[in-house]
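J.: Structure for the following, please:
(4 chains)
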2 protein chains.
Amino acid sequence: MDEINTLDRPAAGGPGPIRRTALHDTLVNHLRDMIIEGNLEPGTRLHEGQLGEQLGVSRTPLREAIKYLASEGLVELVPSRGAVVKRFSGKDVQDMLTVLRNLEELAGKLACQLASDAEIAHVRALHDEMVRRYKAADRLQYYKLNQDIHTAIVRLAQNATLADIHQMLQTRLKRIRFIGHEGPEKWAAAVAEHEEMISALEARDPARLSDVLGRHLANAWERVRSAL
Amino acid sequence: MDEINTLDRPAAGGPGPIRRTALHDTLVNHLRDMIIEGNLEPGTRLHEGQLGEQLGVSRTPLREAIKYLASEGLVELVPSRGAVVKRFSGKDVQDMLTVLRNLEELAGKLACQLASDAEIAHVRALHDEMVRRYKAADRLQYYKLNQDIHTAIVRLAQNATLADIHQMLQTRLKRIRFIGHEGPEKWAAAVAEHEEMISALEARDPARLSDVLGRHLANAWERVRSAL
DNA sequence: CTTTTGTATTCTGCATGCAGCATTTTCCAT
DNA sequence: ATGGAAAATGCTGCATGCAGAATACAAAAG
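T.: Below you'll find the predicted structure:
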């Protein structure tokens, strides 16, 4: 049992006037996590009554959260039959990676012009930490830092729309990447690509950064395709 | 008074089992149109009671539609204060156009490989019709066909994600473009660019198509920037 | 006249109730 | 036993009700 309303209240007496997160946001995030982490598998029907009871909320805010996620593309609305967790085909994933690749290539170019030295240093720090996790074979933290780095580079482009869409695609793909467990040699290759990314960014070489980001995501498809 | 429930019922006795559009979809489309066409200006508060009465629906489905549009980025949710029509700054528009440009460049490349001759001919037909509207100085239909052509080209890329995101950005920008009334010479230039697009597509020249689509959208910024 | 404080109103957020559609179960005929 | 119709159940979709927050208003103090 994981009632959501309890998660909602922040520790009392915390410093500063912490604005209590609206239930809507909490619900959306919670459901999104459940989908990404596989607690709700693709094709699963989102049962309003049952889910609501499980989360400790009534159907109304739950339905609103579901509509929000539908617009995000994580669930599908079937008239008179509720909502189901969207299932992505192999081609869907390939299509998403194609777009993601193009967006990151753009972000790379922009980042080289717009990023400050401090920001680049921060990305380098993330990278170093990721390499440490890699050497420790800590897959979970490695994945997390990996995504953080991509997100960070995109943010350097200082384009809100770009960042939003990138985040959306990243979220949709998160579940897939969770599954795709590449072997040691491909993992090493991915780390090497990251190293090259950072160095291109530090050199502020847009063409090279864009190029390596593109290759990186092209390879990503190879890494996840086996998982369908 | 434009009650939405009446629009909902299709003409009785029509051929085939026409599935009645769910109210949710109807509401979303209606609100979207109201925002795009400027009936609801940026910054306007979406009053649940008032809007609901005006449209002839209760607050519940209306709230769900608003949440959907929020995820789409057309409205902004303010905790405990409802929803307001999102206002886009000049930089926001510029950012959106930057991303749109990149997406269309990608679509152009893919379209050249994947489109059938018949599909290309269809785009050409749209273009010819658009030119007729241009010569007739029918701005409204010209705009509509203009957007249709861009949408059609993106569809040729056969990438659902690409099409979805493109559609989303196109929608957000629709309102802005509605306002941006360029002078005769810029209008002529836009038509010329379109002509070049179609000819590059017919020649299946990815580099040229990508290039002209990019220039076209770079110029689009010039055309709307005055409207802020 | 401006600022502030207390009150009243309005609106949002969430829960619940009810009607209609979908699905499942039951029962009868073959 | 099997196919099918009809009842029964469960669920979604929408409307309404109620509590609490936000805002608007008004009166009083500076």
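
J.: Chain A: helices as residue ranges?
T.: A:4-8, A:23-36, A:48-55, A:59-72, A:90-114, A:117-135, A:139-156, A:160-179, A:184-202, A:206-225 (DSSP state H).

J.: got the residues of chain A near DNA strand D?
T.: Residues of chain A lying near DNA strand D by C-beta under 7 Å from any atom of the strand: A:45-50, A:59-60, A:63, A:77-83. In short, each C-beta sits where N, CA and C put it, glycine included.

J.: Filter the residues you listed down to the buried ones, ChimeraX style.
T.: Selection of buried members from the residues of chain A next to DNA strand D for ChimeraX, criterion 16 or more other C-beta atoms under 10 Å in any protein chain shown:
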select /A:46,48,63,77,83
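
J.: on that earlier part again, and of the helices of chain A, who's closest to chain B?
T.: Closest approach to chain B among the helices of chain A is made by helix A:59-72 (3.5 Å; C-beta to the nearest C-beta).

J.: Is DNA strand C within reach of that closest one?
T.: Yes: for a cut-off given as C-beta under 7 Å from any atom of the strand, helix A:59-72 has contacts with DNA strand C, namely A:R59, A:T60, A:P61, A:E64.

J.: Please name the residues that touch the nearest residue to the first one once chain neighbours are set aside.
T.: If you skip the residues right next to it in sequence, A:R59 has A:E48 as its closest partner in space, 4.6 Å away by C-beta to C-beta, 6 or more residues apart in numbering or on different chains. With contacts taken as C-beta atoms under 8 Å, 6 or more residues apart in numbering or on different chains, A:E48 has the following neighbours: A:R59, A:L62, A:R63, A:I66, A:G82.

J.: The same query, at a cut-off of 7 Å, please.
T.: By C-beta atoms under 7 Å, 6 or more residues apart in numbering or on different chains, the contact list for A:E48 reads A:R59, A:L62, A:R63, A:G82.

J.: confidence score at it?
T.: A:E48 is assigned 97 on the pLDDT scale.

J.: just A:P184 next, same as before
T.: 82.

J.: what's near enough to touch it?
T.: Applying C-beta under 7 Å, 6+ apart, no residues contact A:P184.

J.: In space, what's closest to A:P79 - neighbours in sequence excluded?
T.: B:A22 (4.4 Å).

J.: Next, give phi and psi for that neighbour.
T.: Backbone torsions of B:A22, given as degrees, to the nearest 10, read phi -60, psi 150.

J.: how many neighbours does it have?
T.: As a burial measure, B:A22 scores 15 neighbours (other C-beta atoms under 10 Å in any protein chain shown).

J.: can you pull the contacts of the closest residue to A:E195 other than its chain neighbours?
T.: Nearest non-adjacent residue to A:E195, counting by C-beta to C-beta, 6+ apart: A:H127, 7.3 Å away. By C-beta under 7 Å, 6+ apart, the contact list for A:H127 reads A:I149, A:H194, A:I198.

J.: Test my guess that the last one contacts A:R124.
T.: Yes: between A:I198 and A:R124 there is a contact at 5.6 Å, judged by C-beta atoms under 7 Å.

J.: Who has more neighbours out of those two?
T.: Higher neighbour count among A:I198 and A:R124: A:I198, with 21 against 15, using other C-beta under 10 Å.

J.: Distance of the more buried one relative to A:E185?
T.: 21 Å (C-beta to C-beta, to the nearest Å).

J.: again with A:H150
T.: Distance from A:H150 to A:E185, by C-beta to C-beta: 22 Å.

J.: again with A:S210
T.: Taking C-beta to C-beta as the measure, A:S210 falls 25 Å from A:E185.

J.: neighbour-wise, which of those two wins?
T.: A:S210 (22 against 8).

J.: Hmm, that one is touching A:A111, no?
T.: No: A:S210 lies out of contact with A:A111 (C-beta under 7 Å); the separation is 9.5 Å.

J.: Near DNA strand C, which residues of chain A? Just list them.
T.: Chain A comes close to DNA strand C at residues A:A22, A:L23, A:H24, A:V57, A:S58, A:R59, A:T60, A:P61, A:E64, A:S80, A:R81, as judged by C-beta under 7 Å from any atom of the strand.

J.: Looking at those residues, spot the one nearest A:N219.
T.: A:H24 (38.1 Å; C-beta to C-beta).

J.: Now that the closest one has come up, it's in contact with A:R63, right?
T.: No: taking contacts as C-beta under 7 Å, A:H24 lies outside contact range of A:R63: 11.0 Å.

J.: Domain ranges for chain A, per the record?
T.: As given by automatic domain parsing, the domain ranges for chain A are A:4-85, A:90-225.

J.: can you list those domains in JSON lines and add distance to B:S226?
T.: Formatted as JSON lines, the domains of chain A follow (distance: least, C-beta to C-beta, whole Å):
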{"stretch": "domain A:4-85", "distance to B:S226": "32"}
{"stretch": "domain A:90-225", "distance to B:S226": "21"}
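
J.: who's in contact with A:Q141?
T.: Neighbour list for A:Q141: A:R133 [criterion: C-beta under 7 Å, 6+ apart].

J.: swap the cut-off to 10 Å and go again
T.: Contact analysis of A:Q141 by C-beta atoms under 10 Å, 6 or more residues apart in numbering or on different chains lists A:E129, A:M130, A:R132, A:R133, A:Y134.
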